[in-house]
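*Asks:* Just a sequence and a predicted model for now, questions to come.
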Amino acid sequence: MEQILFRRTATSWYSVAMEMPLRDDSYWMGKALALAGRAAALGEVPIGAVLVKDGKIIGRGFNRREGQNDPSAHAEMIAIRQAAKRLTAWRLTGTTLYVTLEPCPMCMGAIILARIERLVFGSFDPKAGAAGSLYNLADDPRFNHRVEVESGVKGQECSAILSDFFRELRRQKKENRSTARSN
């Protein structure tokens with residue numbers, strides 16, 4: 001990606017082409033993974049999402065269901081709401097949503113309704129995935145909008161953060177049961 005910068009000498013302006021680092025799917029998924037880490041630190045299921053338009057993040061979110069006592073406080077929903085507010089528009093055309101886990105039916109519905117152009121996710125969700133695993137709402141001809149889907153971006157890292165979180169949760173529950181029995 002090339003960016004033109006303008007520099008000034010004492011008497012005139014001249015342009016300089018500079019090579020900018022490419023911000024590809026892996027880069028943006030890294031941002032979503034960082035948000036997933038924030039969720040984990042709060043005891044939430046570690047899922048993060050960023051919504052990007054024209055190379056800039058316009059919405060970001062991580063799971064907050066437990067902290068907000070809100071079943072709809074998924075990472076995707078938070079990022080979509082933030083972007084709509086920022087753009088003062090519910091149509092989020094020309095955007096790409098990066099999320100660490102395949103969206104559920106609720107989130108996929110919001111993605112379709114918001115007219116998000118592209119979805120990139122890290123790991124599949126065989127229990128609730130609605131972008132190819134359990135359902136494929138992204139390409140359902142009965143809807144008036146289709147979403148381009150890319151899966152598996154940083155898939156191992158996205159799966160690992162979830163596996164580590166649930167492994168630790170099970171360990172803590174087992175420890176709590178053992179402590180309760182010994183009292």
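*Replies:* Nice, I can see it. Numbering: from 1, shown residues only.

*Asks:* for the most centrally placed residue in the chain, helix, strand, or coil?
*Replies:* The chain has A49 as the residue nearest its centroid, 1.9 Å off, counting by Cα atoms, centre = their mean. Secondary structure, DSSP: H, G, I helix; E, B strand; the rest coil: A49 is strand.

*Asks:* That one bridge partners, please.
*Replies:* Per DSSP bridges, the residues bridged to A49 are G61, V99.

*Asks:* Just to check, it is in contact with A79?
*Replies:* Yes. Contact status for A49 versus A79: in contact at 4.3 Å, counting by Cβ atoms under 8 Å. Placement of C-beta: from N, CA and C, glycine included.

*Asks:* Give me the common contacts of these two.
*Replies:* Common neighbours of A49 and A79, using Cβ atoms under 8 Å, 6 or more residues apart in numbering, are 59-61, 97, 99.

*Asks:* quick check, nearest of these to R118?
*Replies:* Nearest to R118 among the shared contacts of A49 and A79 is L97, at 7.3 Å by Cβ to Cβ.

*Asks:* How about the secondary structure of that closest one?
*Replies:* Following three-state DSSP, L97 is assigned to strand.

*Asks:* Let me see the confidence value for it.
*Replies:* The confidence metric pLDDT takes the value 98 at L97.

*Asks:* okay, now it: neighbour count?
*Replies:* L97 has 29 neighbouring residues, counting by other Cβ atoms under 10 Å.

*Asks:* who touches it in this structure?
*Replies:* L97 is in contact with 49-52, 76, 79-80, 111, 116, 118-120, counting by Cβ under 8 Å, 6+ apart.

*Asks:* Mark which of those are part of strands, please.
*Replies:* Of the contacts of L97, the ones assigned to strands by DSSP state E are 49-52, 118-120.

*Asks:* Can I get these in CSV including pLDDT?
*Replies:* Below are the ones in strands among the contacts of L97 laid out as CSV (pLDDT from 0 to 100):
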residue, pLDDT
A49, 98
V50, 98
L51, 98
V52, 98
R118, 98
L119, 98
V120, 98
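
*Asks:* What is the longest helix along the chain packed up against?
*Replies:* Looking across the chain with DSSP state H, the single longest helix is helix 155-182. Packed against helix 155-182 by the contact rule (3 or more Cβ pairs under 8 Å, 6 or more residues apart in numbering; DSSP states H and E) you find helix 25-41, strand 95-101, strand 118-123.
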